[in-house]
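Take this sequence and fold it.
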Amino acid sequence: HPYYDLLGLVHWVVFCLIGYVLIPIIYLKACGRRVRDMYLGWSGFGQHIGLYFLLYFLVILPVIYVSYSPAYQAIYPFYKHAGRSYFDLIAWELAYGVQFFALEFMFRGVFLAGLKKWLGYGAIYVMLIPYCMLHFMKTGSESLGAIVAGIILGTMAMKYRSIWGGVFLHWLVAITMDCLSLIHQGKMPKNLWPP
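Coordinates of the predicted model:
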């Protein structure tokens, strides 16, 4: 099927939603906790969106630098047919964005809001260990970047009580990474629909 690879990645996104969102929500409800207390508020994001754009511009310079490496281009984009058409690229990036919501909900929401009572801002360093481990199968620079990003995004999520800045920033950086990789490989889409 021409969309076999995309459907496989959508399958991955669905299981990220199940594992990172649905199961924690069931657990929270069973414990009598409110899901909205997992830093799902929008006001912290809306009031500080400028900070997230600043972070994007700080992160984008090293991303541009590493985007020239063959190791980077071998990984990104995850969907290998993203350059076939703009439909493929946009469909992939939308699915990828949903996955970032799931990731941020679990790591910057459930982990941090759940541990804040006992550890305060120290919860960030507990969350950082499994979060960083998710990046081990990528490049070494990404694993190091995950430590820095995890600390910054964790601090901002706790301070502003919102995961949405992390979702936005994570997704924006990922779109940029995918597009840079496609540009360097000469694979940016030329058609709206697959040929």
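
Mind giving me the packing neighbours of the helix or strand bottoming out on mean pLDDT in the chain?
Ranking every helix and strand in the chain by mean pLDDT, DSSP states H and E puts helix 43-47 at the bottom, with a mean of 83. Helices and strands touching helix 43-47, by 3 or more Cβ pairs under 8 Å, 6 or more residues apart in numbering; DSSP states H and E, are helix 140-160, helix 164-184. Quick note: C-beta positions are derived from backbone N, CA and C, even for glycine.

quick check: mean pLDDT across the helix or strand just after that helix?
Downstream of helix 43-47, the next assigned helix or strand under DSSP states H and E is helix 49-66. What helix 49-66 shows for mean pLDDT is 93.

quick one, helix 49-66 and helix 140-160 angle?
Here helix 49-66 runs at an angle of 180 degrees relative to helix 140-160 (axes from the mean of the first three to the mean of the last three Cα atoms, to 10 degrees).

residues near the closest residue to Val110 other than its chain neighbours, how many?
Counting by Cβ to Cβ, 6 or more residues apart in numbering, Val110 lies nearest to Pro24, which is 4.7 Å off, once chain neighbours are set aside. Neighbours of Pro24 under the rule other Cβ atoms under 10 Å: 20.

what's the answer for Gly97, then?
When neighbours are counted by other Cβ under 10 Å, Gly97 registers 17.

which residues does it contact?
167, 171 (Cβ atoms under 8 Å, 6 or more residues apart in numbering).

Go again with 10 Å.
Gly97 makes contacts with 13, 167-168, 170-172, 174-175, as judged by Cβ atoms under 10 Å, 6 or more residues apart in numbering.

sorry, back to before: which outside residues touch the least confident helix or strand of the chain?
39, 51-52, 156-168.

Among those residues, the buried ones, what's the PyMOL command?
Only the buried entries of the contacts of helix 43-47 go into this PyMOL selection, using 16 or more other Cβ atoms under 10 Å:
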select buried, resi 39+52+156+157+158+160+161+162+163+164+165+166+167+168
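
with the contacts of helix 43-47 in mind, which one is nearest to Leu119?
Proximity of the contacts of helix 43-47 to Leu119 (Cβ to Cβ) peaks at Met158, which lies at 10.6 Å.

Spatially nearest residue to the closest one, not counting backbone neighbours?
Once flanking residues are discounted, Met158 sits nearest to Leu112: 5.4 Å by Cβ to Cβ, 6+ apart.

before we move on, what about His81?
Asp88 (5.3 Å).

Could you do Phe45 as well?
In space, and not counting its chain neighbours, Phe45 is closest to Trp164: 3.8 Å by Cβ to Cβ, 6+ apart.
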